[in-house]
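Student: Whatever this is, show me its structure:
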Amino acid sequence: MILSARREGIIHIYEITNSDTCLKELSDTFHGRDIFSPVAAHLAKELIPANLGHEIDEPVVPSFG
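Tutor: Here you go, the predicted structure:
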């Protein structure tokens with residue numbers, strides 16, 4: 001995720017901790033349905049990304065070697 005974000009010029013990454021932006025009951029396996037889709041809908045309705053949670057200042061960048 002970090003490498004593609006950097007390539008696309010994305011400069012802010014947020015941890016999704018605001019439970020008001022997700023479904024109330026989260027499954028262990030369907031994060032696309034329970035977290036990412038509701039968050040995308042909120043962002044489409046102009047939710048300010050900083051309202052999702054804390055900004056990640058130092059993301060872990062994988063190294064492939």
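Student: switch to C-alpha atoms for all contacts and neighbour counts from now on
Tutor: Noted.
Student: Run through the chain and note the low-pLDDT ranges.
Tutor: 1-2, 65 (pLDDT under 70).
Student: who touches the longest helix along the chain?
Tutor: The helix that spans the most residues within the chain, counting by DSSP state H, is helix 37-44. Here helix 37-44 makes contact (Cα atoms under 8 Å, 6 or more residues apart in numbering) with 21-23, 49.
Student: For these, work out which two are farthest apart.
Tutor: Comparing every pair within the contacts of helix 37-44 by Cα to Cα identifies Leu23 and Pro49 as the most remote, at 17.4 Å.
Student: Assess the claim that Val61 and Ala5 are in contact.
Tutor: No - no contact is recorded between Val61 and Ala5 when judged using Cα atoms under 8 Å, the distance being 10.8 Å.
Student: These two: who's more crowded?
Tutor: Using other Cα atoms under 10 Å, the more surrounded residue of Val61 and Ala5 is Ala5, with 12 against 9.
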